[in-house]
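> just coords:
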């Protein structure tokens, strides 16, 4: 069974991002991942990651509640020197002008919105299908069915990372750079970071006008070694050297200069006696390399066989409907005149009238 769930993942400011469309309208993009192939020969990865533009969004006042994606992904690897047990996906978002050059796309100010790790432990269900741990394998991910999605921008904007209550020694910098160890905020070491910003840039304030906003996504995919959870009676008989605490990056040592060496001490974790007791090949104080490689270092090391970064973009169009009003009904017009002739009565004569057949003497 996969160890990835949406049930207990919260973002940094404790706001749920798995929400339904709001009354003010929402925009979505189907960011379909294509096949991603990683090999153990170094500098050999192919990718076909696409994103299609969502349908134009029309609202009364040109507002947007949420921009989100629901990606799927297929990853395969072959010829690795280390056993791969986990596939980690990082999604970051930014906005920018349309038709940017490659160098301009890469230099945008991206903000992490989602990170999750899939366990290659033989799962086969509607959301995941994979071959299990091995030096060769494949992983198909469809995590975002139904209401599940990755929020990129919403009306509330990015969480207040500066004042968030971190623990386990984590800081805002370690949380956003991917170097933390432990669960910093509400058990959210992996999961939804929260929106990258507000939807202000997507909104169109003028009636009968439309605005186009381009969203850029950066995907970083990394392959990691299995941890002790993979070694059970019901799972896999892996060698002691195959399983490592905190699932470090596979093939991190550079293999004789064929690709970047990511075994710098600052990217590792020194294990405690409690952790070392679970691993036959480790003693307390041993350093496990490449357990906390910063996102930026991984993105600069895409000629490493276990790392890949790719970019995609889509455009959100928002139409502000023209304000108009009308009224209908029936006036019910009519006219009349009163032609009745009145008659005199005794009271009308005032006591001095002459009555018929009478003379005044």
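Done, it's in. In this text, all values refer to a predicted model and were calculated from it rather than measured experimentally. Numbers count the residues shown, from 1 in each chain.
> surely residue 309 and residue 220 touch.
Yes. Between residue 309 and residue 220 there is a contact under CB atoms under 8 Å: 5.0 Å. For glycine as for every other residue, the C-beta is placed from the backbone atoms N, C-alpha and C.
> which stretches in this protein count as helices?
102-106, 172-177, 273-276, 295-299 (DSSP state H).
> related to what we said a few turns ago, which residues do residue 309 and residue 220 both contact?
Common contacts of residue 309 and residue 220, defined by CB atoms under 8 Å, 6 or more residues apart in numbering, comprise 298-299.
> the closest residue to residue 136 other than its chain neighbours - how many residues pack around it?
What sits nearest to residue 136 in space, not counting adjacent residues and going by CB to CB, 6 or more residues apart in numbering, is residue 78, at 4.9 Å. For residue 78, the neighbour count with other CB atoms under 10 Å is 16.
> beta partners of residue 78?
Taking DSSP bridges, one obtains residue 39 as the residues bridged to residue 78.
> just use 31 as the starting number from now, easier for me
Sounds good: first residue 31 from here, last item residue 108.
> any weak-confidence spans in the stretch 181-330 of the chain?
Scanning the stretch 181-330 of the chain with the threshold set as pLDDT under 70 gives 197-198, 211-221, 234-240, 263.
> how does it look with 50?
In the predicted model, the stretch 181-330 of the chain carries pLDDT under 50 at residues 212-219.
> and the strands in the stretch 131-280 of the chain?
In the stretch 131-280 of the chain, the strands defined using DSSP state E, counting those that start in this stretch lie at 141-149, 158-160, 167-171, 180-184, 221-222, 227-228, 240-254.
> measure residue 229 to residue 96 for me?
7 Å (CB to CB, to the nearest Å).
> any residues in contact with both of those two?
When contacts are counted by CB under 8 Å, 6+ apart, residue 229 and residue 96 have 183-185 as shared neighbours.
> which of those residues sits closest to residue 175?
Distance to residue 175 across these (CB to CB) is lowest for residue 184, with 20.5 Å.
> show me what contacts the closest one?
For residue 184, the contact set (CB under 8 Å, 6+ apart) comprises 47, 95-97, 225, 228-229.
> for it, give its distance to residue 335.
For residue 184 relative to residue 335 (CB to CB), the value is 37 Å.
> check residue 271 too.
Residue 271 is 19 Å from residue 335, by CB to CB.
> can you check residue 270 too?
Between residue 270 and residue 335 the computed distance is 23 Å (CB to CB).
> which one of those two has more residues nearby?
residue 335 (25 against 11).
> in stretch 262-276, what counts as buried?
266, 268, 272-276 (16 or more other CB atoms under 10 Å).
> repeat that for stretch 156-170.
Under 16+ other CB under 10 Å, the buried positions of stretch 156-170 are 157-158, 160-165, 167-170.
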